[in-house]
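> Next input, structure requested:
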Amino acid sequence: MKTESVHSDITVIGGGLAGVCAAIGAARNGSEVALIQNRPVLGGNSSSEVRVWVCGATAHGVQHFARETGVMGELFVENQFVNPEGNPYYWDLTVLEAVRAEPRITLYLNTDVREVAADGPDDARVINSVTGWQMGSEKLITFTSDQFIDCSGDGLIGLLAGAEYRTGREARSVYDESWAPEVPDNNTLGSTILFYSKDIGQPSKFVPPSFAKDIVAAGIPEHRVIRTDMNGCAFWWIEWGGEYDVVDDNEQVRDELQGVVYGIWDYIKNSGEFDADNLTLEWIGSVPGKREYRRFIGDHVLTQADVLGQTPFEDRVAFGGWSIDLHPPGGVYATERGSKHWHPDGNYHIPLRSLYSINVGNLWMAGRNISASHVAFGTTRVMATCAVIGEAAGIGASVAARDGFTPRQLGHEEFYRVRRAMLRADASTLGVRNDDPDDLALTARASASSVLRRVSVEEPADRYRLDAALGMVVPVGGRFGGIEVLLDADEDTELGCQLHDPLKPQNYLPLKLIEKTTVAVPAGEKQWVRFELDWTPEQPQNAFLVFAANPAISVHTAEQRVTGSILLGHREPAADEQYTEQFRSWKQVLHRQGLCHRLLEPTDVFEPEQVIGGYARPYGGPQLWSSESLALDPEPWIELGWDQPQSIAELVIIFDDDVEEDLINLHHHRTPFDALPSVVRDYRVEARVDGRWQSVASVEGNHRRHGRHRFADPIGTDRIRVVVSATNGADQAHVVAIRAYGQSR
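Predicted coordinates for the structure are as follows:
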């Protein structure tokens with residue numbers, strides 16, 4: 001038997017999205033990383049082997065300006081560019097290429113870790129090494145590191161290391177969770193196997209195998225939706241094993257799920273209920289996609305109250321927004337609905353203290369095994385949220401290895417080290433201001449060739465009848481004096497408008513009434529109607545306007561929207577609406593479109609100062625600089641200036657990748673462009689050296705959020721400027737942040 005020993009700063013076990021993002025996060029922070037995956041491909045449940053949609057904080061559009069940034073955001077944006085059709089094999093390549101691009105990561109595929117060497121008392125264990133068998137090459141490989149990250153999903157590494165954990169459902173009394181059962185049990189969310197079909201243009205028969213389930217006898221068609229146009233994760237409800245041990249009984253679970261899939265396909269092909277003669281089965285999964293197993297105990301256990309209350313942890317390192325999404329233990333055979341959901345009002349936070357073991361001193365967790373109750377796990381388990389948790393754990397482990405601190409020290413008194421490392425990485429955090437003392441931009445002044453201050457959208461493209469109330473989110477900087485709206489009225493009537501405060505910077509709901517007004521509207525077309533509403537919030541934030549339902553009135557809509565503004569329609573729940581906790585009255589309408597409107601007061605939310613410090617994503621407003629229209633300012637620029645020359649070795653420009661756009665790896669819905677229009681496409685960087693401007697970098701064809709420029713010979717300058725030549729389609733130039741460093745990483 002061949003043996004091999006590998007030493008690195010950090011060992012990441014598990015190559016799903018949590019492990020991939022953990023490895024990349026740690027490597028970019030300067031650590032040498034061994035990434036171990038027991039399958040031939042990366043991506044875990046999202047890979048071509050399982051083919052689950054990568055869902056996250058957007059909750060399929062329920063939450064707004066919520067798409068993840070950081071490494072997960074890069075994967076979304078890159079996949080959209082290289083894989084607009086949602087090919088699962090191209091998604092595999094997107095993930096693999098991201099790992100291969102990091103020289104500090106060594107990847108070990110087909111390597112199954114089965115042994116953990118750990119010592120110390122039960123309350124203070126330490127992992128010394130893990131050992132895995134690499135199939136194909138027939139090698140037994142031992143990995144030693146300072147820090148270990150368990151991204152295995154099922155939590156085998158933590159189990160073998162002696163980490164404290166839970167499985168199943170806690171009693172309601174443990175964390176006072178209304179969605180927990182009165183009595184604890186071992187039930188978990190089940191596993192799923194998916195399938196794809198295709199039309200081959202000629203009749204194709206299907207002879208079911210002997211083990212295909214009779215789904216009619218099982219009552220499945222009575223309780224689940226089955227259509228011939230459904231594929232892949234549209235069949236998420238093919239779930240089973242929640243009343244079993246999904247690891248110990250994995251083989252039985254797989255066999256049962258495959259029998260169900262073939263039974264569903266037999267029903268589609270041979271029942272006579274569907275027009276399916278030309279359909280054939282293109283792909284069926286052979287690896288069950290698991291949802292839940294071990295959850296390790298950390299210094300904080302995330303709970304239902306943390307999620308729904310959006311607890312603003314001081315040590316927040318990630319965020320989520322998916323609903324608390326729990327499924328019946330009986331899975332596909334249950335007679336109740338396949339899932340129930342409880343959405344928080346907006347995105348919630350996840351603390352660093354939930355990402356390391358309470359009793360194994362160098363063990364981090366990322367993915368579906370973090371420190372959370374069963375109920376809270378119902379939202380943190382989706383893959384994009386697991387991915388941002390992974391990046392946070394990777395950065396935390398890297399800081400621990402580099403600076404010599406324990407995870408617990410970083411979770412408490414030394415947390416600022418992790419926060420600053422995450423800020424420099426542009427990791428996916430919410431409501432965390434950039435205070436990195438290494439960022440020279442924090443001492444600069446910002447100026448620009450132009451600024452969007454007068455907000456108006458005046459070119460109509462269509463009409464929208466107010467059969468129900470219409471909501472509009474408007475970013476407010478300074479005084480909000482009101483709004484003019486272009487509308488048609490079929491008769492003399494009146495229209496009410498309310499101004500609401502969303503209460504939290506990450507919320508986009510009308511939660512507190514500030515002021516309301518009603519105006520008379522005469523019959524006529526294309527009238528500008530004024531609503532005077534006076535509000536000066538203490539700091540820049542979003543306002544939520546509600547235009548009352550009035551079927552006699554149609555508002556004019558435009559093909560463009562102002563950055564930070566969205567439109568939402570109101571819907572009352574049906575009389576028989578089940579699971580009322582999941583109901584969200586306000587749903588986005590008119591995607592990528594805007595309302596023809598004019599704000600009565602100028603805004604200061606797009607000032608050049610937005611690129612210095614502050615937030616790197618929408619939070620109480622867009623948090624970016626916007627130029628005037630490119631028709632008025634065809635080559636806009638934004639500049640940083642210092643009183644004294646600075647030595648700049650690295651310049652980072654963060655562009656607007658429009659996190660309101662809900663991207664997804666395998667395209668639950670189709671996004672109509674490869675490159676996000678708001679991203680700057682062509683630009684150059686100029687520096688003033690010895691009193692003269694010179695170009696120090698130039699980029700064409702950019703589609704990514706980051707422009708990273710490292711200078712082998714640091715530039716001595718007191719002025720640096722980003723000049724925009726073209727966007728990918730937006731009418732203004734947007735820059736979220738500019739960061740400058742004296743030392744490159």
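> ok, now how distant is residue 445 from residue 643?
To residue 643, residue 445 is 9 Å away according to Cβ to Cβ, to the nearest Å. (Each C-beta comes from the backbone N, C-alpha and C, glycine too.)
> and those two? which has more neighbours close in?
Ranked by neighbour count (other Cβ atoms under 10 Å), residue 445 and residue 643 place residue 445 first, with 13 against 9.
> ok now do that one, which residues does it touch?
640, 641, 642 (Cβ atoms under 8 Å, 6 or more residues apart in numbering).
> Same question for the host helix or strand of residue 515: list its buried residues.
According to DSSP states H and E, residue 515 maps onto strand 512-521. Of all the residues in strand 512-521, those buried under the rule 16 or more other Cβ atoms under 10 Å are 514, 521.
> Neighbouring strands - and their directions - for that strand?
Applying DSSP bridges, strand 512-521 is found paired with strand 493-501 (antiparallel).
> Could you give the separation of the strand it pairs with from the chain centroid?
Relative to the centre of its chain, strand 493-501 is centred 33 Å away, using Cα atoms, centre = their mean, to the nearest Å.
> Name the residues of it that are buried.
Buried-residue list, strand 493-501, by 16+ other Cβ under 10 Å: 495, 497, 498, 499, 500, 501.
> same check, this time on stretch 470-480
So stretch 470-480, judged by 16+ other Cβ under 10 Å, has buried residues 470, 471, 472, 473, 474, 475, 476, 477, 480.
> which stretches of the protein aren't confidently modelled?
Scanning the chain for pLDDT under 70 picks out 574-583.
> May I ask you to name the longest strand in it?
strand 706-727 (DSSP state E).
> buried ones in it?
For strand 706-727, by 16+ other Cβ under 10 Å, it's 706-707, 709, 711, 714-715, 717-727.
> and that strand, what does it pack onto?
Using 3 or more Cβ pairs under 8 Å, 6 or more residues apart in numbering; DSSP states H and E as the contact test, the elements touching strand 706-727 are strand 637-655, strand 680-689, strand 692-699, strand 734-741.
> Please save the CA atoms from the second one in CSV.
Think strand 680-689. Extracted C-alpha coordinates of strand 680-689, given in CSV (Å, rounded to 0.1, in the frame of the first residue of the first chain):
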residue,chain,number,x,y,z
VAL,A,680,-18.4,48.2,-15.6
ARG,A,681,-17.1,46.6,-18.8
ASP,A,682,-14.2,48.8,-19.9
TYR,A,683,-12.1,51.0,-17.7
ARG,A,684,-8.7,52.3,-17.0
VAL,A,685,-6.9,53.3,-13.8
GLU,A,686,-4.9,56.5,-13.8
ALA,A,687,-2.5,57.8,-11.1
ARG,A,688,-1.0,61.3,-10.7
VAL,A,689,2.7,60.8,-10.4
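> between that strand and strand 734-741, how big is the angle?
40 degrees (axes from the mean of the first three to the mean of the last three Cα atoms, to 10 degrees).
> so how far is strand 680-689 from its chain's centroid?
That offset, for strand 680-689, works out to 30 Å (Cα atoms, centre = their mean).
> Would you map the helices across this protein?
17-28, 70-82, 88-100, 156-161, 172-175, 220-223, 250-270, 304-309, 374-380, 383-403, 407-411, 415-425 (DSSP state H).
> residue contacts, residue 651?
685, 697, 708, 709, 711, 720, 738, 739, 740, 741.
> Could you export those as a markdown table, including distance to residue 336?
Output for the contacts of residue 651, formatted as a markdown table (distance: Cβ to Cβ, whole Å):
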| residue | distance to residue 336 |
| --- | --- |
| 685 | 58 |
| 697 | 58 |
| 708 | 50 |
| 709 | 55 |
| 711 | 61 |
| 720 | 60 |
| 738 | 52 |
| 739 | 51 |
| 740 | 56 |
| 741 | 55 |
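> Looking at those, which one is closest to residue 450?
Distances from residue 450 to the contacts of residue 651, taken as Cβ to Cβ, are shortest for residue 738 (16.7 Å).
> Is it correct that that closest one is in contact with residue 653?
Yes. Using Cβ atoms under 8 Å, residue 738 is in contact with residue 653, at 5.6 Å.
> Now do the shared contacts for these two.
residue 722.
> Could you give the number of residues near residue 744?
With other Cβ under 10 Å as criterion, residue 744 counts 14.
> quick one, phi/psi of it?
Backbone geometry at residue 744, expressed as degrees, to the nearest 10, gives phi -90, psi 150.
> Roughly how far does it sit from residue 231?
46 Å.
> before we move on, what about residue 693?
For residue 693, the distance to residue 231 - Cβ to Cβ - is 55 Å.
> Who has more neighbours out of the two?
Neighbour totals were compared for residue 693 and residue 231, and residue 231 leads with 17 against 14 (other Cβ under 10 Å).
> how about that one, what does it touch?
195, 196, 197.
> Redo those residues as JSON lines? Include neighbour count and distance to residue 77.
Converted to JSON lines, the contacts of residue 231 look like this (neighbours: other Cβ atoms under 10 Å; distance: Cβ to Cβ, whole Å):
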{"residue": "195", "neighbour count": "20", "distance to residue 77": "29"}
{"residue": "196", "neighbour count": "15", "distance to residue 77": "25"}
{"residue": "197", "neighbour count": "21", "distance to residue 77": "30"}
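> What is the nearest of the residues you listed to residue 450?
residue 196 (49.4 Å).
> before we move on, back to that, by neighbour count, which of the contacts of residue 445 wins?
residue 640 (26 neighbours).
> Could you find the closest non-adjacent residue to it?
Nearest non-adjacent residue to residue 640, counting by Cβ to Cβ, 6 or more residues apart in numbering: residue 444, 4.0 Å away.
> burial of the one you found, as a residue count?
Quick note: residue 444 (other Cβ under 10 Å) scores 23 neighbours.
> what about it, distance to residue 212?
Residue 444 is 67 Å from residue 212, by Cβ to Cβ.
> Which strand residues bridge residue 639?
residue 447, residue 721.
> That one: how many residues sit nearby?
Neighbour tally, residue 639, other Cβ under 10 Å: 20.
> Could you list the domains of this protein?
Listed by automatic domain parsing, the domain ranges of the chain are 2-167+346-425, 191-284, 440-451+606-741, 456-599.
> and which of the contacts of residue 651 is nearest to residue 524?
Once Cβ to Cβ is applied, the member of the contacts of residue 651 that ends up nearest residue 524 is residue 738, at 47.6 Å.
> Quick one: residues contacting the closest one.
Contacts of residue 738 (Cβ under 8 Å, 6+ apart): 441, 446, 611, 612, 638, 640, 651, 652, 653, 654, 720, 722.
> again, but for residue 5
Residue 5 touches 141, 142, 144, counting by Cβ under 8 Å, 6+ apart.
> Columns neighbour count on top of those, output as a markdown table?
Conversion of those to a markdown table gives the following (neighbours: other Cβ atoms under 10 Å):
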| residue | neighbour count |
| --- | --- |
| 141 | 20 |
| 142 | 16 |
| 144 | 17 |
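> In TSV: those, plus distance to residue 72.
Compiled in TSV, those are given as follows (distance: Cβ to Cβ, whole Å):
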residue	distance to residue 72
141	28
142	31
144	29
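> Pick the one among those closest to residue 285.
The closest of the contacts of residue 5, once distances to residue 285 are taken by Cβ to Cβ, is residue 141, at 28.3 Å.
> Would you mind confirming that the closest one makes contact with residue 109?
No. Counting by Cβ under 8 Å, residue 141 sits too far from residue 109 to count as a contact (11.8 Å).
> and the gap between residue 457 and residue 624?
Distance from residue 457 to residue 624, by Cβ to Cβ: 18 Å.
> Which one's more surrounded, the two?
Neighbour count, other Cβ under 10 Å: between residue 457 and residue 624, residue 624 has more, with 26 against 21.
> give me the number of residues near the residue nearest to that one when sequence neighbours are not counted?
Nearest residue to residue 624, sequence neighbours excluded (Cβ to Cβ, 6+ apart): residue 736, at 4.6 Å. By other Cβ under 10 Å, 26 other residues sit near residue 736.
> One more: the one 4 residues further on?
Applying other Cβ under 10 Å, we find 24 other residues in the vicinity of residue 740.
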